[in-house]
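Asker: Quick one: sequence and predicted model below, then my questions.
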Amino acid sequence: MRIVVEICNFNDRRLKDALRGLSLQSRLPDRVLIADGGSSAGFMDEMQKFQKEESGIDKLNIEWKILEGTPLETRQKSIDYLDEEVTVFLDSDEVPLSNWLGDITSPILDGRADFTGGAMSSVIAKPDFISSYYKEIEDRIYGSDVTLDVTYMPLGNTAWKTEILKKLRFDMRLAKSCGEAEDYDLEMRSIDSGYRGIYVPAALVRHYQNFPKSNWDLMKRRYEYLLGASIVMIKNKRLGRRVREKRARIRHPFGKVEAVMKPLALMHGYLRWHLVVSRRPA
């Protein structure tokens, strides 16, 4: 099977490190598709120079597609340009370890799975209140959540039979309502359609993410996530199952704040799904 690695990008210079990591893979992808949401001319010139001058990058078959829009809109448009049998999503702020591509695709190539997901480890130069909270959430996701349900896997660092993406695509009704929860929606719909998902802990990427700058920004970002997750769970009839799951407790002090936000986000999500999102044209 041929493999394409897709990176959704918008003016992100961390893309250089992602490409460096791909160039060091023990198995190289057949193609790297950079789905660009409309980066500036200056950024594009800088990346062209990087591709010409950076040692080892010439080993990669890199193709750029300018697909303007939000990350979700760009990813939806990119599906029409996926020709390989296996599609792997890597975020522009992620750097894969050397055998990552082989690890994340092997269950698909040998017939054990239809989609897979690997682990992320955030790179934190100086831990503080906010970054330590995200680190604890990350540890819970990859330490226990994905063993309860593979639909907890974020889209970055996942691999798919391309036929799934062509058939199910992303639900664009969620574009203005769900933050990053469209990936959970795709995974839930994949499972409900009979596809098999597997978590591959060995498929590790280093995550150089941007953390919220203030506690207020942290609250807003986490509420947006909770709202999106609520809408997707209600849409896919997962709410009862999620309530019954015995998930590990978050011990960080902000966990108490998030515990208060959850029922508010759930009520908001219920109303938003039934009154707004579900009424949008599919």
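Answerer: Cool, got the structure. Numbering: from 1, shown residues only.
Asker: Give me the distance between the longest strand belonging to the chain and the centre of its chain.
Answerer: What stands out as the longest strand in the chain, according to DSSP state E, is strand 197-207. Strand 197-207 has its C-alpha centroid displaced from the chain centroid by 12 Å (CA atoms, centre = their mean, to the nearest Å).
Asker: Pull up the pairing partners for that strand, direction included.
Answerer: Within its sheet, strand 197-207 is paired with strand 94-96 (antiparallel), strand 115-122 (parallel), according to DSSP bridges.
Asker: Identify all contacting residues around the first one.
Answerer: In other words, strand 94-96. By CB atoms under 8 Å, 6 or more residues apart in numbering, the residues outside strand 94-96 that reach it are 17-18, 20-22, 25, 90, 120, 156-157, 203-208. C-betas here are computed from N, CA, C, even on glycine.
Asker: So for stretch 46-62, what gets flagged as buried?
Answerer: Going by neighbour count (16 or more other CB atoms under 10 Å), the buried part of stretch 46-62 is 47, 57, 60, 62.
Asker: First-to-last residue distance for it?
Answerer: 15 Å (CA to CA, to the nearest Å).
Asker: Can you tell me the SS state at the nearest residue to I137 once chain neighbours are set aside?
Answerer: Of all residues not flanking I137 in the chain, I250 sits nearest, at 6.8 Å (CB to CB, 6 or more residues apart in numbering). Look at I250: counting by DSSP: H, G, I helix; E, B strand; the rest coil, its state is coil.
Asker: Relative to F43, how far out is I250?
Answerer: Separation of I250 from F43 (CB to CB, to the nearest Å) stands at 37 Å.
Asker: ok, back up a step: now render the strands paired with strand 197-207 as TSV, adding mean neighbour count and distance to V4.
Answerer: What follows is these, written out as TSV (neighbours: other CB atoms under 10 Å; distance: least, CB to CB, whole Å):
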stretch	mean neighbour count	distance to V4
strand 94-96	24	15
strand 115-122	22	14
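Asker: Now do the strands in the stretch 51-200 of the chain.
Answerer: 62-66, 86-91, 94-96, 115-122, 158-161, 197-207 (DSSP state E, counting those that start in this stretch).
Asker: Centre of the chain to the third one, how far?
Answerer: So the one you mean is strand 94-96. 12 Å.
Asker: before we move on, the earlier item: of the contacts of strand 94-96, buried ones?
Answerer: Among the contacts of strand 94-96, the ones that count as buried by 16+ other CB under 10 Å are 18, 20-22, 25, 90, 120, 156-157, 203-208.
Asker: Of all the strands paired with strand 197-207, which one is nearest P281?
Answerer: strand 115-122 (27.0 Å; CB to CB).
Asker: Specify the angle between the closest one and strand 86-91 in degrees.
Answerer: Strand 115-122 runs at 20 degrees relative to strand 86-91, counting by axes from the mean of the first three to the mean of the last three CA atoms, to 10 degrees.
Asker: tell me the mean pLDDT over strand 115-122?
Answerer: Throughout strand 115-122, pLDDT has a mean value of 96.
Asker: What of stretch 226-233?
Answerer: The average of the pLDDT scores along stretch 226-233 is 94.
Asker: Distance from the chain centre to that stretch, please.
Answerer: Worked out by CA atoms, centre = their mean, stretch 226-233 lies 16 Å from the chain centre.
Asker: what about R279, neighbour count?
Answerer: Here the number of neighbours of R279 (other CB atoms under 10 Å) works out to 9.
Asker: oh, I was asking about R247
Answerer: R247 has 13 nearby residues by other CB under 10 Å.
Asker: Can you report how many residues lie near the spatially closest residue to it that is not a sequence neighbour?
Answerer: Nearest residue to R247, sequence neighbours excluded (CB to CB, 6+ apart): D145, at 6.3 Å. When neighbours are defined as other CB under 10 Å, D145 has 19 of them.
Asker: any chance you could map the helices in the stretch 101-250 of the chain?
Answerer: 129-140, 146-148, 162-168, 182-192, 215-235, 239-244 (DSSP state H, counting those that start in this stretch).
Asker: Other residues contacting the second one?
Answerer: The one in question is helix 146-148. Contacts with helix 146-148, where a contact means CB under 8 Å, 6+ apart, come from 117, 152-153, 199, 245, 247.
Asker: Name the residues of that helix that come out as buried.
Answerer: V146.
Asker: got a list of what the nearest residue to P71 once chain neighbours are set aside touches?
Answerer: Nearest non-adjacent residue to P71, counting by CB to CB, 6+ apart: C8, 5.3 Å away. Counting by CB under 8 Å, 6+ apart, C8 touches 35, 37, 71, 74-75, 78, 89, 91-92.
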